[in-house]
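Asks: below are the sequence and a predicted model; questions follow.
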Amino acid sequence: MMLSTLRNNDLDVITFKPEDRPDLLKKLKEISFDDLDEGHFKKEDYTSINWFDFECITVLLQDDNIYGFSSVWHRPEFYEKGEVRILNRYWEHSIVRGPGRDIVKDHLLKTIQQQLEIVKELGFKKAFISRCRNRLYMKNLFLEIEKKTNTKWHFSNEKVAVCRKENPSCWQYKGTYEFEETTRPTTI
């Protein structure tokens, strides 16, 4: 029996470096994206992904099936020094999206937390999440993330370029998290 909607607690959230999980990369390459909302996403943008371009990848897994993913991408030609994009190429199968009013579901929260942890370990100073549509949704998303993670995100009320400035879809609403500098106490 196929579930019409998967519950958040049914999903395992796994974040890994591309070279560490060839088994999951193989499964990612097998996704059809037939349920992709063509009004907002281009299927070819997802079927042509080079998984080794990313710092890490997060998958939503249940019973050995992938029901969602996103990646962490460092693009020095477009991003500030020490900055990386999380939740890049975010995709969820339609049975994960399901109804509900909570915009920060458990699996999204775990994804953000795992990706931030790896980004910090890799030495990046900032991480951002961006999207090209719906400013109010994005603002509420960051308020919910802050509340549920006790972090502070800086939200741009205006769209900013996150890739080629000539491309209209590269202008997006952006929320940035800056890792606190930790200093070691000096010994005398």
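Replies: Sure thing, it's come through. Numbers count the residues shown, from 1 in each chain.

Asks: from the middle of its chain, how far away would the strand or helix carrying residue 90 be?
Replies: When secondary structure is defined using DSSP states H and E, the element that contains residue 90 is strand 83-92. Here the centre of mass of C-alpha atoms in strand 83-92, compared against the chain's by CA atoms, centre = their mean, to the nearest Å, lies 3 Å away.

Asks: state the mean pLDDT of that strand.
Replies: What strand 83-92 shows for mean pLDDT is 94.

Asks: neighbouring strands of that strand in the sheet, and parallel or not?
Replies: Strands that pair with strand 83-92, judged by DSSP bridges, come out as strand 65-73 (antiparallel), strand 126-131 (parallel).

Asks: out of those, nearest to residue 114?
Replies: Ranking the strands paired with strand 83-92 by their distance to residue 114 (criterion: CB to CB) puts strand 65-73 first, at 9.7 Å. Every residue, glycine included, has its C-beta placed from N, CA and C.

Asks: pull out the buried positions in the closest one.
Replies: Judged by neighbour count using 16 or more other CB atoms under 10 Å, the buried positions of strand 65-73 are 66-73.

Asks: so which of the strands paired with strand 83-92 gets nearest residue 12?
Replies: strand 65-73 (10.0 Å).

Asks: pipe the strands paired with strand 83-92 into JSON lines and attach mean pLDDT and distance to residue 56 per row.
Replies: Converted to JSON lines, these look like this (pLDDT from 0 to 100; distance: least, CB to CB, whole Å):
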{"stretch": "strand 65-73", "mean pLDDT": "95", "distance to residue 56": "5"}
{"stretch": "strand 126-131", "mean pLDDT": "96", "distance to residue 56": "12"}
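
Asks: save those strands as CSV, and put in distance to residue 171 too.
Replies: Shown next, in CSV, are the strands paired with strand 83-92 (distance: least, CB to CB, whole Å):
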stretch, distance to residue 171
strand 65-73, 17
strand 126-131, 9
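
Asks: on that earlier part again, the helix or strand just after the strand holding residue 90 - contacts with which helices or strands?
Replies: Counting by DSSP H and E, the element after strand 83-92 in chain order, helix or strand, is helix 94-97. The contact analysis (3 or more CB pairs under 8 Å, 6 or more residues apart in numbering; DSSP states H and E) places helix 94-97 against strand 65-73.

Asks: now the strand it packs on - C-alpha only, CSV.
Replies: Output of strand 65-73 as CSV, limited to C-alpha atoms (Å, rounded to 0.1, in the frame of the first residue of the first chain):
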residue,chain,number,x,y,z
ASN,A,65,14.1,5.1,-1.3
ILE,A,66,15.0,8.8,-1.8
TYR,A,67,12.1,11.1,-1.3
GLY,A,68,14.0,14.4,-1.3
PHE,A,69,17.4,16.0,-1.4
SER,A,70,19.4,19.2,-1.4
SER,A,71,23.0,20.2,-1.6
VAL,A,72,25.6,22.6,-0.3
TRP,A,73,27.3,24.6,-3.1
